[in-house]
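Undergrad: take this sequence and fold it.
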Amino acid sequence: MLNNLNIAFRILIIFGLSFLWRPGLTVTAQTLNNEPAGEGFSVSFIKSDINQKAGQLSFNILRVINHSDSAVRFKPFLVLPTDWSLFSLPYNDTVVNPHDSISLIYRFKLPEQVSSELKYEVFFRAYSMQNQLLAEDVCNVFPEPIHNWEVVFPDKRIFFAPRKELTDFSLKLENKGNTQESIDLVLTYDKKIELNSTGDWQPATGD
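TA: This is a model prediction of the structure:
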């Protein structure tokens, strides 16, 4: 019986070795692709355009898709305009599995003073571990207009000098909004006073 067991054991060993040495068989495993992914790797913002108030927080979601058969490791970078603040923790090197996708959430804040007449661009770029650009996308941010005008009389009281029929006064106009615009300036005054303009505006008729 011992001889039968030895024969069976030898047969099992020989069969196993023949299987390992059989030509044409390969063993595969999931590999990590650190080379540029090309068309098999894409990134895109969920919102391509954002309308946001100045000084307020905004956010966007970046979708990363790996269409290839290998996992891809990349370095994510978000590029904000000057004086804008990022309110999200930076992402480290990130891996996307084959035929899978991930989402990266970014929060950022617009400055208090930002023009509504300009379009601002937020860029996302994905780089390989060899610092080669894999993919990029851009999100356009349009600050909402703010209309805020302030009119100030530097002198609260205006006096006429003795035996003088004329006097001068000035006022200050300040645009505290974030958009350039034209305004109509209307001054009302007492019927006993005649107002003459020295600028481009014309006085309204007093009541």
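
Undergrad: partners of the one helix or strand F77 maps to in the sheet?
TA: Under the criterion of DSSP states H and E, F77 resides in strand 71-79. Note on strand 71-79: by DSSP bridges, its sheet partners are strand 32-33 (parallel), strand 94-96 (antiparallel), strand 120-127 (antiparallel).

Undergrad: doesn't L78 make contact with A126?
TA: No: A126 is beyond contact range of L78, at 10.5 Å (criterion: CB atoms under 8 Å). Glycine gets a C-beta too; all of them are placed from N, C-alpha and C.

Undergrad: so between the two, which is more surrounded?
TA: More crowded of A126 and L78, by other CB atoms under 10 Å: A126, with 24 against 18.

Undergrad: so what's the more buried one bridging to?
TA: P76, A135.

Undergrad: coming back round to it: compare the strands paired with strand 71-79 and say which comes out lowest on pLDDT.
TA: Note on the strands paired with strand 71-79: strand 32-33 shows the lowest mean pLDDT, a mean of 48.

Undergrad: quick one: end-to-end distance for stretch 136-150.
TA: In stretch 136-150, first residue to last residue: 43 Å (CA to CA, to the nearest Å).

Undergrad: run through who's touching the strand holding F77.
TA: Here strand 71-79 makes contact (CB atoms under 8 Å, 6 or more residues apart in numbering) with 30-34, 37, 40-41, 62, 64, 66, 86, 91, 93-98, 104, 106, 108, 122-129, 131, 134.

Undergrad: quick one: name whatever helix or strand follows it.
TA: Counting by DSSP H and E, what follows strand 71-79 is strand 85-86.

Undergrad: now do that next one: which elements does it pack against?
TA: The contact analysis (3 or more CB pairs under 8 Å, 6 or more residues apart in numbering; DSSP states H and E) places strand 85-86 against strand 100-109.

Undergrad: give me the distance from stretch 146-161 to the chain's centre.
TA: Mean-position distance between stretch 146-161 and its chain equals 41 Å (CA atoms, centre = their mean, to the nearest Å).

Undergrad: domains in the protein, by residue range?
TA: 32-143, 146-207 (automatic domain parsing).

Undergrad: of the contacts of strand 71-79, buried ones?
TA: Neighbour-count burial (16 or more other CB atoms under 10 Å) is assigned, among the contacts of strand 71-79, to 33, 37, 40-41, 62, 64, 66, 91, 96, 104, 106, 108, 122, 124-128, 134.

Undergrad: my guess is H147 contacts T179. True?
TA: Yes: H147 is within contact range of T179, at 7.1 Å (criterion: CB under 8 Å).

Undergrad: okay, helices next: where are they in the chain?
TA: Listed in chain order, the helices of the chain (DSSP state H) span 2-20.

Undergrad: tell me, what residue is most central in the protein?
TA: V122 (3.8 Å; CA atoms, centre = their mean).
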